[in-house]
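**Student:** Model the following, please.
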Amino acid sequence: MKARFFFLLFVLSIMGYMFTSCSGGAKKEVKNDSLDSAKIAADSLKKIEDAKPKFLVIKGSNVNMRVDPGTEAKRIKQLKTNDTCEILEKSKLDTIGEIIDYWYKVRFKTKEGWVFGQFTSLKTPPGALKKPKIFFKEKQ
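**Tutor:** You can find the predicted model right below:
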């Protein structure tokens, strides 16, 4: 959702720039308007970035914190329900069973490691990301 918003904001900024630079108005006004629009867009993006959650709360019990994102990675620690962790990084989407979510690199007290989003307050809502089912028709 955020990626779509950033993309849309970027496209609208580019379109605005193209529109104003091709409009035949006074060149100095167009340049200033374009620069102002770019500054406003950059400020908006910074505000959105700053609004990203900086912490997450563990919602599962005995949630594994791992060295790397993935169920095969070595377990560092088990986190308890309501443990609060600082978010350091977010990985690409991953699938565990039928669940698609992100891995988050977190810091809990002195430990750093990765937890799967499904077991946190940032879990992807059910049905938002589902593993696609592929059906094949039999040849007749």
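**Student:** Show me what the longest strand belonging to the chain is packed up against.
**Tutor:** With secondary structure taken from DSSP state E, the chain has its longest strand at strand 84-96. Helices and strands touching strand 84-96, by 3 or more C-beta pairs under 8 Å, 6 or more residues apart in numbering; DSSP states H and E, are strand 55-57, strand 99-108, strand 111-116. Every residue, glycine included, has its C-beta placed from N, CA and C.
**Student:** can I see the domain layout of this protein?
**Tutor:** Following the assignment in automatic domain parsing, the chain carries domains at 2-50, 55-119.
**Student:** Mean pLDDT lowest where, among these?
**Tutor:** The stretch with the lowest average pLDDT out of the domains of the chain is domain 2-50, scoring a mean of 61.
**Student:** what's the nearest residue to residue 99 if we skip its chain neighbours?
**Tutor:** Once its chain neighbours are removed from consideration, residue 99 has its nearest residue in residue 118; the separation is 5.0 Å (C-beta to C-beta, 6 or more residues apart in numbering).
**Student:** looking at this, the one you found is in a helix?
**Tutor:** Yes: according to DSSP: H, G, I helix; E, B strand; the rest coil, residue 118 belongs to a helix.
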